[in-house]
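In: For reference, the sequence and a predicted model appear below.
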Amino acid sequence: MHSRSLRTINTRAICGFFCLIALACGIIAGRVSWVWFAPVAGSCFVAFGQPESRMARKRNVIGGHVCAFAVGGLTRWLVLDQGIAIVAATCITFALMLLLDCLHSPAGATPAGVCLSSSTLPEVAAVLSIGLGMTVLMQFILARATARTETP
């Protein structure tokens, strides 16, 4: 039993590592700001480090970042002061995630990324989509692999 749980922990770590490497490569290739590494790395930690938690659900991972991206993009456009835009977007994002039942705390860094990025919103959306897509895909693969190895 102990070796099986250790193997699962190692598999989770490997999945998280590959997602972060893929994101880093995407950032380098797309020449997009490194500010995106923090929110997606946080999502990887939740998805693979605490896969049973409510915040690790696909709905929360994707929904939280979609809310954050939308609110960040809107405040980036409407509010001229960058600091005020970040604070307002973060507060609105958490309220919206609670209202929509898709709370994912790493997504709280996404509005700051949107407001601080010099990239266009489509470029930002592409990097965020790649990072989250890799995370959700690896989470799905891990769940399938774990289910097969734990059945007697």
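Out: Arrived safely, thanks for sending.
In: show me what contacts residue 110?
Out: 39, 64-65, 68-69, 72, 93, 128 (Cβ atoms under 8 Å, 6 or more residues apart in numbering). Just so you know, the C-beta spots here come from the backbone N, C-alpha and C atoms, and that holds for glycine as well.
In: Identify the farthest-apart pair in those residues.
Out: Using Cβ to Cβ, the contacts of residue 110 reach their maximum pairwise distance at 93 and 128, which is 13.5 Å.
In: Turn the contacts of residue 110 into a markdown table, including distance to residue 82.
Out: What follows is the contacts of residue 110, written out as a markdown table (distance: Cβ to Cβ, whole Å):
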| residue | distance to residue 82 |
| --- | --- |
| 39 | 17 |
| 64 | 22 |
| 65 | 20 |
| 68 | 16 |
| 69 | 17 |
| 72 | 11 |
| 93 | 16 |
| 128 | 19 |
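In: Take those residues and keep only those in helices.
Out: 39, 64-65, 68-69, 72, 93, 128 (DSSP state H).
In: For ChimeraX, write the selection for the buried entries among the residues you listed.
Out: Buried residues within those, by 16 or more other Cβ atoms under 10 Å, are selected in ChimeraX with:
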select :39,64,65,68,69,72,93,128
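In: Residue 80: which of the ones in helices among the contacts of residue 110 is nearest?
Out: residue 72 (14.9 Å).
In: which of the ones in helices among the contacts of residue 110 lies closest to residue 86?
Out: Within those, proximity to residue 86 (Cβ to Cβ) peaks at residue 72, which comes in at 8.2 Å.
In: Surely the closest one is in contact with residue 114?
Out: Yes - if you go by Cβ atoms under 8 Å, residue 72 and residue 114 touch, sitting 3.0 Å apart.
In: joint contacts of the two?
Out: Residues touching both residue 72 and residue 114 by Cβ under 8 Å, 6+ apart: residue 89.
In: Where does the prediction get shaky in this structure?
Out: For the chain, applying pLDDT under 70 flags the ranges 1-12, 15-16, 18-33, 146-152.
In: what residues does the helix or strand harbouring residue 97 touch?
Out: Assigned by DSSP states H and E, residue 97 belongs to helix 82-99. Residues outside helix 82-99 that contact it (Cβ under 8 Å, 6+ apart) are 63-64, 67-68, 71-72, 74-76, 78-79, 103-104, 107-108, 110-112, 114-116.
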